[in-house]
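Peer 1: The sequence isn't on hand, but the structure is:
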């Protein structure tokens, strides 16, 4: 560690008890003891550290906000490389609508910096106050606004990456069209640090909506919710920013955990959906003489018509910012609801949106066949087909939990879906990768890993299962 201390300064090499903040995952499922945590200040230091580690065959595990949910930062005996000091927003160019940022920039900080220019970086989820740019790129994070803006991959124009041999690969393009060979940027995004360390990025910014219209809507079925989404997109010209599914079971668990929260409706419904529209044009956002925003009035009118048609059962539209915040608080409390009760089975899965209703039905059947007393719940980014399934088994039995999880994954694959939607693979989903990933695709992934990282030092054991 002396040589690494010379690179970054001895005060930025953390060991022993001082490394505890980096020595467990966010859900508290696993702990480890890293060789050390090193905190470089710029890309040249990262490159020097990696060159030294590669020469000594020291494994490196990059870490950002450490909010990973699939054991992607487990680092027993490895050198953890924290990007938290590399937190500069190098540039925001409002006319070009791009931000040039370092990997340690916290997502909420980027949101604030973009807002100062009347712009947004639209990636958002519950951990935005601690998640960092490098981490969200490495996992290709999703969140609540994928429906309108896409995943992290869709929001990135360029990257700066330190390769496993300690070279700096500069892909900091600001171009929307760049057809010059293999797209190495996309190869690095979602690679979970197994092919290199992302140190900086060029990210897309978008005009900040001047008004939002937010509502809770009850429907009779998941299929009915999808019909609602399509009607809203048609009626608003594609203005739907979020479309989030919360079933009756989730609402019951929410109100039990947070009794001070209000239920969204006077009576409970099986299917509850958070709908949010966003608009910027003055015709949609300028309040009328009564103070009502046209976007909200339009949502009110559309929902009233859909109620008359029988497509929806109930609806409550937020009338101010406080009510909007109350609606979002229910959805953003999901991590505190779904993961605190043990034992728990979790699946971050995706299917085509029009197959979601069948997926939920199949999950109910296969999980109850294994454990008749299991309690099923979850939430979903329904507009993009991403379900966060949670099952609470009747007993603490690891074999039982594993059987439920594998049964759910099997149903997802049968419907043409994915066993990993937005959380990544890490260590947790290696069995699913081995069981369900196309064999030719796995062989190509192994070949790429071997070619790029011949000594196997970058986040070893993650993402790609052993042969």
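Peer 2: It's in. In this text, all values refer to a predicted model and were calculated from it rather than measured experimentally.

Peer 1: Measure how buried the closest residue to residue 286 other than its chain neighbours is and give me the count.
Peer 2: Nearest residue to residue 286 in three dimensions, chain neighbours excluded: residue 294, at 7.0 Å (C-beta to C-beta, 6 or more residues apart in numbering). Backbone N, C-alpha and C define where each C-beta goes, glycine included. By other C-beta atoms under 10 Å, the residues close to residue 294 number 18.

Peer 1: ok, residue 294 touching residue 283?
Peer 2: Yes - applying C-beta atoms under 8 Å, one finds residue 294 in contact with residue 283, separated by 6.6 Å.

Peer 1: Can you list the low-confidence ranges for this structure?
Peer 2: Counting by pLDDT under 70, the chain shows no low-confidence range.

Peer 1: mind giving me the domain split of it?
Peer 2: Split into domains by automatic domain parsing, the chain comes to 2-82, 89-207, 211-334, 341-427.

Peer 1: can you redo these as a markdown table with distance to residue 457?
Peer 2: Listed next are the domains of the chain as a markdown table, based on distance: least, C-beta to C-beta, whole Å:
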| stretch | distance to residue 457 |
| --- | --- |
| domain 2-82 | 5 |
| domain 89-207 | 6 |
| domain 211-334 | 36 |
| domain 341-427 | 17 |
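
Peer 1: Who does residue 13 form a beta bridge with?
Peer 2: Here residue 13 sits in beta bridges with residue 38, as judged by DSSP bridges.

Peer 1: Tell me, how many residues neighbour it?
Peer 2: So residue 13, with other C-beta under 10 Å, has 21 neighbours.

Peer 1: Likewise for residue 352?
Peer 2: 12.

Peer 1: Contact partners for it?
Peer 2: With contact taken as C-beta atoms under 8 Å, 6 or more residues apart in numbering, residue 352 is in contact with 385, 415, 416, 417.

Peer 1: How much space separates it from residue 383?
Peer 2: From residue 352 over to residue 383 the distance is 12 Å, taken as C-beta to C-beta, to the nearest Å.

Peer 1: so where do the strands sit in the stretch 301-450 of the chain?
Peer 2: Using DSSP state E, counting those that start in this stretch, the strands assigned to the stretch 301-450 of the chain run over residues 314-317, 345-350, 375-381, 386-392.

Peer 1: what do you get for the stretch 1-150 of the chain?
Peer 2: Counting by DSSP E, counting those that start in this stretch, the strands of the stretch 1-150 of the chain are 13-14, 36-38, 60-63, 79-82, 89-93, 98-102, 119-120.

Peer 1: Now do the fourth one: which elements does it pack against?
Peer 2: Counting contacts by 3 or more C-beta pairs under 8 Å, 6 or more residues apart in numbering; DSSP states H and E, the secondary-structure elements packed against strand 79-82 are strand 36-38, helix 43-56, strand 60-63.

Peer 1: Adjacent strands (with direction) for that strand?
Peer 2: According to DSSP bridges, strand 79-82 has these partners: strand 36-38 (parallel), strand 60-63 (parallel).

Peer 1: Would you mind giving those strands as CSV with mean neighbour count and distance to residue 165 added?
Peer 2: Converted to CSV, the strands paired with strand 79-82 look like this (neighbours: other C-beta atoms under 10 Å; distance: least, C-beta to C-beta, whole Å):
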stretch, mean neighbour count, distance to residue 165
strand 36-38, 22, 18
strand 60-63, 26, 12
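
Peer 1: would you turn the ones you listed into TSV with distance to residue 454?
Peer 2: As requested, the strands paired with strand 79-82 are exported to TSV (distance: least, C-beta to C-beta, whole Å):
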stretch	distance to residue 454
strand 36-38	22
strand 60-63	14
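
Peer 1: what is residue 219 paired to in the beta sheet?
Peer 2: Taking DSSP bridges as the rule, residue 219 bridges to residue 271.

Peer 1: Using the three-state scheme, assign the closest residue to residue 158 other than its chain neighbours.
Peer 2: Computed as C-beta to C-beta, 6+ apart, the closest residue to residue 158 that is not its neighbour in sequence is residue 202, at 3.7 Å. With DSSP: H, G, I helix; E, B strand; the rest coil as the basis, residue 202 sits in strand.
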